[in-house]
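1. missing the sequence, but the structure's below:
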């Protein structure tokens, strides 16, 4: 699936969106590209179809997971490790978990 981009031709007033919402929703679903809505000529809101929004969230979660793994690996390479037993004890104390 392609990554949608903001198309500068898809900038509309909120009033137009409200008056013609069916056409806007149809376009959003068809193109999977977001629209910028303006209020008094100023960009205020970005709208997109639900499937594209979920895909964006999934991709962001994936990227955050990769970054966290890379950070952990770099920490290990710097020798910043703790014994597993110590980590478990700290988690038990922090979250009030039984032994």
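-> Good, I have the coordinates. Values in this document were obtained by computation on a predicted structure and should not be read as measured data.
2. in which helix or strand does the residue positioned nearest the centre of the chain reside?
-> The centroid of the chain falls nearest to residue 57 when counting by C-alpha atoms, centre = their mean (3.7 Å). Using DSSP states H and E, residue 57 sits within helix 50-77.
3. domain parsing for the protein?
-> Using automatic domain parsing, the domain ranges for the chain come out as 1-48, 51-99.
4. turn these into a markdown table, including mean pLDDT.
-> Listed next are the domains of the chain as a markdown table, based on pLDDT from 0 to 100:
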| stretch | mean pLDDT |
| --- | --- |
| domain 1-48 | 89 |
| domain 51-99 | 94 |
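5. just name the most buried of these.
-> domain 1-48 (a mean of 13; mean count of other C-beta atoms under 10 Å). From N, CA and C alone the C-beta is placed, and that goes for glycine too.
6. tell me who's in contact with the residue nearest to the centre of the chain.
-> Applying C-beta atoms under 8 Å, 6 or more residues apart in numbering, one finds that residue 57 lies in contact with no residue.
7. against residue 64, how distant is it?
-> As for residue 57, its distance to residue 64 is 10 Å (criterion: C-beta to C-beta, to the nearest Å).
8. what's the spacing between residue 32 and residue 69?
-> Using C-beta to C-beta, residue 32 is found at 29 Å from residue 69.
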